[in-house]
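> Generate a structure from the sequence data that follows.
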Amino acid sequence: MMPFYVLLGVIIFAVVALLLSPNLFRPSPEAQRIFDVVKGETDRPDQRVIRGKEQMQNKLLGAATVLRMRLGLAENPKLRAKLTMAGLDGKAYSDIFFASQFLMPLAGVVGGTLMPSNTMLCVIIFGVLGYMAPDFWLNWKTGRRRKRIRRSIPDALDLLVICVDAGLGLDQACLRVGTELTVSHPDIHTEFMQVNKEQRAGRPRLEAWQSLADRTEIEEFNQFVSMLTQTDRFGTPIAKALARFSEDIRSKRRQHAEEAASKTKIKIIFPLVLCIFPCLFIVLLAPAVLNIMAGLKGMNQ
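This is a model prediction of the structure:
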């Protein structure tokens, strides 16, 4: 019985360490800035002092990488794409996600063995839920980020129109808008900065924006790429095209809000009938029913 509790303690510790490692062992802002400066220079070694929490984080991530290599599992490009869509860009996140996919089923199996009845069924159910939990969490995080980006698109387009009308080119306007939206809309700021980096690396403008559309899977960006293609092909002024596109996005956003508002009339019927009407019937009819029962009881006596 003792080895079972030891194994249970090890699994619980590993799961807790995996969940807390991105926050507790995150490098300090000063160390991260220094690392960003020196990591691309191969002729100068990294002379910064590595703190204890960074060493612990590297050990945990290294253990996950070694485990994946020992099992012979290659890095999945589709998983990297999903993590990028969720805003988790980096090799460390893929290792953490793989470790969670490996440890969560074990934790579910151990939790299922603690059930007093239907132990085998609980082990199977908890193991399957533990394996599916990381995917559910990733899809939920991706959907939330996509919604935040979609809500920030009209504001970003309005700023693009203002910058282009002021005389900036589209690339400079994209960079300026991304800088201005750092605090209010950090997700679209990250995407605009990525587009600017790709263009500075020599990638054509349309390909950079198409990469943004493929990476986020948002229909508005696909329409934006189509608009840029048409302006380049037919020579339409980019300022007028952007203004028209911004008005269309605003009108679609208004139509979606009106559609959601109209759906509330139907959605409110179910809580009204199931929750509010029974309470009203009890409050209004209960005294009358009690009086009738008291009257009938008196007549029988």
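
> Please parse this protein into its domains.
Using automatic domain parsing, the domain ranges for the chain come out as 2-145, 146-264, 274-300.

> deepest of those, which one?
Highest mean neighbour count of these: domain 146-264, a mean of 16 (counted as mean count of other CB atoms under 10 Å). In short, each C-beta sits where N, CA and C put it, glycine included.

> Tell me how far it lies from the chain's centre.
Centroid separation for domain 146-264 versus its chain: 20 Å, with CA atoms, centre = their mean, to the nearest Å.

> ok so, going back, now the domains of the chain in JSON lines, with mean pLDDT?
JSON lines is the format used below for the domains of the chain (pLDDT from 0 to 100):
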{"stretch": "domain 2-145", "mean pLDDT": "69"}
{"stretch": "domain 146-264", "mean pLDDT": "86"}
{"stretch": "domain 274-300", "mean pLDDT": "81"}
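
> Name the surrounding residues that touch stretch 174-184.
152, 155-156, 159-160, 163, 168, 188-189, 192-193, 195-196 (CB atoms under 8 Å, 6 or more residues apart in numbering).

> hang on, residue 158 packs against residue 249?
No. Using CB atoms under 8 Å, residue 158 makes no contact with residue 249, being 9.3 Å away.

> Isn't residue 236 up against residue 228?
No. Under the criterion of CB under 8 Å, residue 236 makes no contact with residue 228, lying 10.1 Å away.

> Overlap of the contact sets of those two?
With CB under 8 Å, 6+ apart as the test, residue 236 and residue 228 reach no residue in common.

> Next one: residue 212 relative to residue 157, how far apart?
14 Å (CB to CB, to the nearest Å).

> Repeat that for residue 202.
26 Å.

> Equivalent analysis for residue 296, please.
72 Å.

> same question, residue 265
31 Å.

> Same question for residue 246.
4 Å.

> Residue 145 now?
To residue 157, residue 145 is 19 Å away according to CB to CB.

> same thing with residue 280?
Distance from residue 280 to residue 157, by CB to CB: 48 Å.

> could you pull out the helices for this protein?
For the chain, helices defined by DSSP state H occupy the ranges 2-24, 29-38, 52-70, 77-85, 91-113, 119-165, 170-180, 186-200, 205-216, 219-234, 238-267, 269-271, 277-300.

> Please name every helix or strand in contact with the fifth one.
Helices and strands touching helix 91-113, by 3 or more CB pairs under 8 Å, 6 or more residues apart in numbering; DSSP states H and E, are helix 2-24, helix 52-70, helix 77-85, helix 119-165.
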